[in-house]
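Participant: Here is the input, now give the coordinates:
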Amino acid sequence: RDLLGGAPHCLIVTSMSHTLPFSLRRENPRSRASSSHIQSSMEGSTAAIAAGQVAPPAPPATELRRELRLRDVVLFNVSAVAGVRSLVFMARAGGGIVTLCMLAAAAFFLPSAFAIIRLARKYPDQGGMYVWAREQFGQRHGFLCAWFYFLSSVIFYPALLLAGVAIAAYVGGNGEFFLHDKVRVLAITVAILWLAALLNITGFRMAKWVSNAGAVCALAVPAFVGVLAILIGARHGSATRFTVLPEFSLGTVKYWASIALAFTGLELAPIAAGEIVNPRVTLPRAAWISAAICTVFYVSGTAALLVLSPVKHLDIVTGIAHVAYTASLQLHVNWLSPLLALLISVSFAGSLGSYLAGNSRLPFTIGTSRRWPEGLSTLHPRWRTPYLSILLQALVSTAFLLLAQAGEGLQTGYQLLVDVMTIATFAPFLYIFGAAFRLGGRWAGLVGGAVTALAIVLAAIPPAEVEPWHYMAKVIGGCVVLTLLGRWLFISSAKAE
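Facilitator: Coordinates of the predicted model:
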């Protein structure tokens, strides 16, 4: 009262989530007695809670736990960006891959880091890109941005798992025989997907260790491949002739989109900003640290891979495991290939865990704004995680996995998933760069947006080994159907509201 000038004021006394208003008035003994009574009641309630006699009040239904610190966010970013499977796609671009990696880092990765950092500082809220697009372009565009990213992730899981299961077969030696058993591959892939989903329901306190372990194992892969490249290259020379300028052909230009795609992933952590300690400071720091680490990862990993194998022998599913297997036989070190396959498998598990955890927060955030069924914003009563959203991801991803493999071989089905996922992943980046442009990030918005548009066009080019028109019809038709479905969902939710 004295500090505020002696006038009557309302004082709010807070105990946990309960508030008790009362007035303090000058020369009012009754108010003083009431104050003393409230204070003693609060002390008694606090003591009772501490003694276990009274249960503390439950947190709000949409309150998330902040479990991620700087180290966790850095490793979370690394597991999301540094994809071992992307090394093969990038290496298939040919001997000019080092130049292409540096160009992709300068023209896409660096602008995306600037854009994401600017937006994360402005809007350090749960939902990330959904909030950014919604605040800058309106509800409809925010919904479509989140819709495309959600779909790109659930399409990404089958592609990641197919590659992971195929590479894990090399833990026991040559795994090529295993890949011909399509039913077994699908069964194992589905089982791993649902196991990862159930683990993520327990929250970041447990799931973050899977992402952390995956990031460490992913960083160990280029180191192992680099050692093999040095040993084999010293004896037999490089299997690929490196050039300063990249090769321009229809077969190699298609993989330029995969190079840009490999540098996505920094946008994932801001989606879970509500579970990061001090996100306004932690997210920018983690972005710069992980960006430097991932750039070194891709440049060194792809260069080492091309030293060991010519481009035409790189299989898009099992390329890195098969190359390591062949190199270990040449060096008579049979244990090295199974160890590398194990590291790659753990890195895939970490990447899957990161995307499952981060992407599940999009339906949760949209559900709280009543643009999707509100049940998706319901948290698990024990672990405080959006468990219905996680289960929805697993269900939709299983459907995509089965559909992609219908009538296709493993390699073609995998490539089809990757191309649709690539286009769906880049669509939200048009919103991200556009939002950054409107907030003053001019150069990042223009350069990043132009590279994103080019990558979308390149992703639709069919690979040389498939029938082009049938393949393009699947890719383009799938993207059109997904766009119309997202628009219909938004209109339906708007009418319901």
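
Participant: count of residues packed around Arg71?
Facilitator: Residues near Arg71, counting by other CB atoms under 10 Å, number 13. To be clear about C-beta, it is placed using only N, CA and C from the backbone, and glycine gets the same treatment.

Participant: show me where pLDDT drops low in the stretch 251-400 of the chain?
Facilitator: When residues are selected by pLDDT under 70, those of the stretch 251-400 of the chain lie in 251-252, 316-318, 369-375.

Participant: quick one, helices of it?
Facilitator: If DSSP state H, counting those that start in this stretch is used as the criterion, the helices of the stretch 251-400 of the chain fall at 279-308, 319-331, 336-359, 361-368, 387-405.

Participant: To His141, which of those lies closest?
Facilitator: Of all the helices of the stretch 251-400 of the chain, helix 361-368 sits nearest to His141, with 12.8 Å by CB to CB.

Participant: packing partners for the closest one?
Facilitator: Counting contacts by 3 or more CB pairs under 8 Å, 6 or more residues apart in numbering; DSSP states H and E, the secondary-structure elements packed against helix 361-368 are helix 129-137, helix 139-168, helix 387-405.

Participant: For it, buried residues please.
Facilitator: For helix 361-368, burial by neighbour count (16 or more other CB atoms under 10 Å) applies to Arg361, Leu362, Pro363, Phe364, Thr365, Ile366, Gly367, Thr368.

Participant: which one of the residues you listed sits closest to Gly434?
Facilitator: Within the set of these, Leu362 lies nearest Gly434; the separation is 18.4 Å, counting by CB to CB.

Participant: Not counting its neighbours along the chain, what's nearest the residue most central in space within the chain?
Facilitator: In the chain, the centroid-proximal residue (CA atoms, centre = their mean) is Tyr355; its distance is 3.8 Å. The spatial neighbour of Tyr355 that comes closest, neighbours along the chain excluded (CB to CB, 6 or more residues apart in numbering), is Ser153 at 5.1 Å.

Participant: ok, back up a step: adding distance to Lys254 as columns, could you present the helices of the stretch 251-400 of the chain in a markdown table?
Facilitator: Below are the helices of the stretch 251-400 of the chain laid out as a markdown table (distance: least, CB to CB, whole Å):
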| stretch | distance to Lys254 |
| --- | --- |
| helix 279-308 | 16 |
| helix 319-331 | 16 |
| helix 336-359 | 23 |
| helix 361-368 | 29 |
| helix 387-405 | 18 |
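
Participant: Quickly name whichever of the buried residues of helix 361-368 is closest to Val244.
Facilitator: Distances from Val244 to the buried residues of helix 361-368, taken as CB to CB, are shortest for Leu362 (41.2 Å).

Participant: Look at the nearest residue to that closest one once chain neighbours are set aside and report its pLDDT.
Facilitator: Closest residue to Leu362 apart from its sequence neighbours, by CB to CB, 6+ apart: Ala146 at 4.7 Å. Confidence per residue is given as pLDDT, and for Ala146 that number is 93.

Participant: tell me which residues of the longest helix anywhere in the chain are tucked away?
Facilitator: The residue-count maximum for a helix in the chain (DSSP state H) belongs to helix 204-236. Neighbour-count burial for helix 204-236, counted by 16+ other CB under 10 Å, picks out 204, 207-208, 210-222, 224-226, 228-229, 232.

Participant: ok and that helix relative to helix 319-331, angle-wise?
Facilitator: Counting by axes from the mean of the first three to the mean of the last three CA atoms, to 10 degrees, helix 204-236 lies at 50 degrees to helix 319-331.

Participant: and for the strand or helix carrying Ala450, what are the contacting residues?
Facilitator: Counting by DSSP states H and E, the secondary-structure element that holds Ala450 is helix 442-459. Under the contact criterion CB atoms under 8 Å, 6 or more residues apart in numbering, helix 442-459 has outside partners 104, 107-108, 110-112, 114-115, 118, 253-254, 256-257, 260-261, 419, 422-423, 426-427, 429-430, 432-434, 436-438, 475.

Participant: So what's the model's average confidence on that helix?
Facilitator: The average pLDDT for helix 442-459 rounds to 92.

Participant: Which is the succeeding secondary structure element to it?
Facilitator: Going down the chain from helix 442-459, the next helix or strand is helix 468-496, by DSSP H and E.

Participant: what about that next one, distance to the chain center?
Facilitator: Taking CA atoms, centre = their mean, to the nearest Å, one finds helix 468-496 lying 22 Å from the centre of the chain it belongs to.

Participant: what does the average pLDDT come to for it?
Facilitator: Taken as a whole, helix 468-496 has a mean pLDDT of 83.

Participant: relative to helix 361-368, how tilted is that helix?
Facilitator: Using the same axes, to 10 degrees, helix 468-496 lies at 30 degrees relative to helix 361-368.

Participant: Would you mark the buried spots in stretch 95-105?
Facilitator: In stretch 95-105, counting by 16+ other CB under 10 Å, buried: Gly95, Gly96, Ile97, Val98, Leu100, Cys101, Leu103, Ala104, Ala105.

Participant: Report the separation between Leu144 and Leu430.
Facilitator: 10 Å (CB to CB, to the nearest Å).

Participant: Looking at these two, which is more packed in?
Facilitator: Shown here are Leu144 and Leu430; by other CB under 10 Å, Leu144 has more neighbours (21 against 18).

Participant: ok, the more buried one - contacts?
Facilitator: Contacts for Leu144 were tallied using CB under 8 Å, 6+ apart; they are Ala133, Ala427, Tyr431, Thr483, Gly486, Arg487, Phe490.

Participant: Adding distance to Thr189, write the helices and strands packed on helix 361-368 out as JSON lines.
Facilitator: Conversion of the helices and strands packed on helix 361-368 to JSON lines gives the following (distance: least, CB to CB, whole Å):
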{"stretch": "helix 129-137", "distance to Thr189": "28"}
{"stretch": "helix 139-168", "distance to Thr189": "4"}
{"stretch": "helix 387-405", "distance to Thr189": "6"}
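
Participant: Correct me if wrong: Gln393 contacts Ile155.
Facilitator: No: Gln393 is not in contact with Ile155 according to CB atoms under 8 Å; the separation is 10.8 Å.

Participant: what about the nearest residue to Val216 once chain neighbours are set aside, how many neighbours?
Facilitator: Counting by CB to CB, 6+ apart, Leu75 is the residue found nearest to Val216 once chain neighbours are left out, at 7.3 Å. Leu75 is surrounded by 27 other residues when neighbours are defined as other CB under 10 Å.

Participant: And for Leu484?
Facilitator: As a burial measure, Leu484 scores 10 neighbours (other CB under 10 Å).

Participant: What distance do you get for it to Phe490?
Facilitator: For Leu484, the distance to Phe490 under the criterion CB to CB works out to 11 Å.

Participant: can you check Trp288 too?
Facilitator: Counting by CB to CB, the separation of Trp288 from Phe490 is 35 Å.

Participant: And for Leu110?
Facilitator: Computed with CB to CB, the distance linking Leu110 and Phe490 is 33 Å.

Participant: do Ile259 as well
Facilitator: Distance, Ile259 to Phe490, by CB to CB: 32 Å.

Participant: ok, back up a step: so which of the helices and strands packed on helix 361-368 comes closest to Val281?
Facilitator: Across those, Val281 has its closest neighbour in helix 129-137 (18.0 Å, CB to CB).

Participant: buried stuff in that closest one?
Facilitator: Neighbour-count burial for helix 129-137 [16+ other CB under 10 Å]: Met129, Tyr130, Val131, Trp132, Ala133, Arg134, Glu135, Gln136, Phe137.

Participant: Closest one to Thr378 out of these, please.
Facilitator: Comparing the buried residues of helix 129-137 against Thr378 with CB to CB picks out Tyr130 as the nearest, at 17.9 Å.

Participant: Show the contacting residues for the nearest residue to the closest one once chain neighbours are set aside.
Facilitator: On the basis of CB to CB, 6+ apart, the spatially nearest residue to Tyr130 that is not a chain neighbour turns out to be Ala146, at 4.0 Å. Residues near Ala146 by CB under 8 Å, 6+ apart: Gly127, Met129, Tyr130, Ala133, Leu362, Thr365, Ile366, Pro428.
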